[in-house]
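**Q** just to be clear, the model below is a prediction. Sequence and coordinates:
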Amino acid sequence: MAAIREAEAKEEDKQTEPVPFTVSFNSTQSKGIVFGSLAIGIMFAAIGLIADIPLLILAAAAPLASAYWYYPMIETGRPQLGANEDGLYVERIGFIDWGAIRMTDVKRKKVRNVVEQIHLDVLLTRSMEAAVNKGQTTPLWKKYMMRNWKRTKREHGRELIAIDLRTLDADPDEILTRIRAFKAV
């Protein structure tokens, strides 16, 4: 019986060891939005050009802008969130130093009892600029596209980064467990 408990304890220790990971967008949720908006925009523009209807050409701008905004969601090979020894990686921020992270938690909220919003809240001990140890540069054309996180200023110079986990291709609780394993080291 004691040998079984020791084996279970060793198994639990293995599970809490930090293992580097990355997570990208779940493209199945977003392909319809991006490609549907793109098709509607092209269709409006083509019909407007053929029928010489300037307002229809102008109306094509809205679905084309929507396709542009949501384009990062179909880039499945590009990690949006991850963790390793360097820190917590967030797309378009870079690596946040583990020492700068005060708290991580998953928040779940239902909107009209239909859609569940799931966010990873990362509370920093200092401003985000001071917390990032390996920054990431973003091309100008990508600065105006959707990003997977929101930054909120808090008291005493702290900041909260809320990362949307609902759009990512991983279990939110597993992400939190893996992040906390790195934070504990």
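**A** Great, that's in hand.

**Q** now do the same contact list for residue 146.
**A** Shown in contact with residue 146 (Cβ atoms under 8 Å, 6 or more residues apart in numbering): 69-73. Placement of C-beta: from N, CA and C, glycine included.

**Q** list buried members of those by neighbour count.
**A** Neighbour counting by 16 or more other Cβ atoms under 10 Å classes 70-73 among those as buried.

**Q** narrow those to those in helices?
**A** Judged by DSSP state H, the buried ones among the contacts of residue 146 include residue 70 as members of helices.

**Q** with adjacent residues omitted, what lies nearest to the most centrally placed residue in the chain?
**A** Geometric centre of the chain, nearest residue: residue 148, 3.6 Å, by Cα atoms, centre = their mean. Leaving aside its chain neighbours, residue 148 sits nearest to residue 80 (4.9 Å; criterion: Cβ to Cβ, 6 or more residues apart in numbering).

**Q** wait, isn't residue 103 in contact with residue 123?
**A** Yes - counting by Cβ atoms under 8 Å, residue 103 touches residue 123, with 4.3 Å between them.

**Q** just want to know which of those two has more residues nearby.
**A** The residue with more neighbours, out of residue 103 and residue 123, is residue 123; 16 against 11, by other Cβ atoms under 10 Å.

**Q** which secondary element of this structure has the worst mean pLDDT?
**A** Ranking every helix and strand in the chain by mean pLDDT, DSSP states H and E puts helix 2-16 at the bottom, with a mean of 48.

**Q** now find how far off-centre the helix or strand that it is followed by is within its chain.
**A** Next along the chain after helix 2-16, taking DSSP states H and E as the criterion, comes strand 21-23. Put simply, strand 21-23 sits 11 Å off its chain's centre (Cα atoms, centre = their mean, to the nearest Å).

**Q** likewise for stretch 50-63?
**A** Put simply, stretch 50-63 sits 33 Å off its chain's centre (Cα atoms, centre = their mean).

**Q** stretch 175-185 too?
**A** Between the centre of stretch 175-185 and the centre of its host chain there is 17 Å, according to Cα atoms, centre = their mean.
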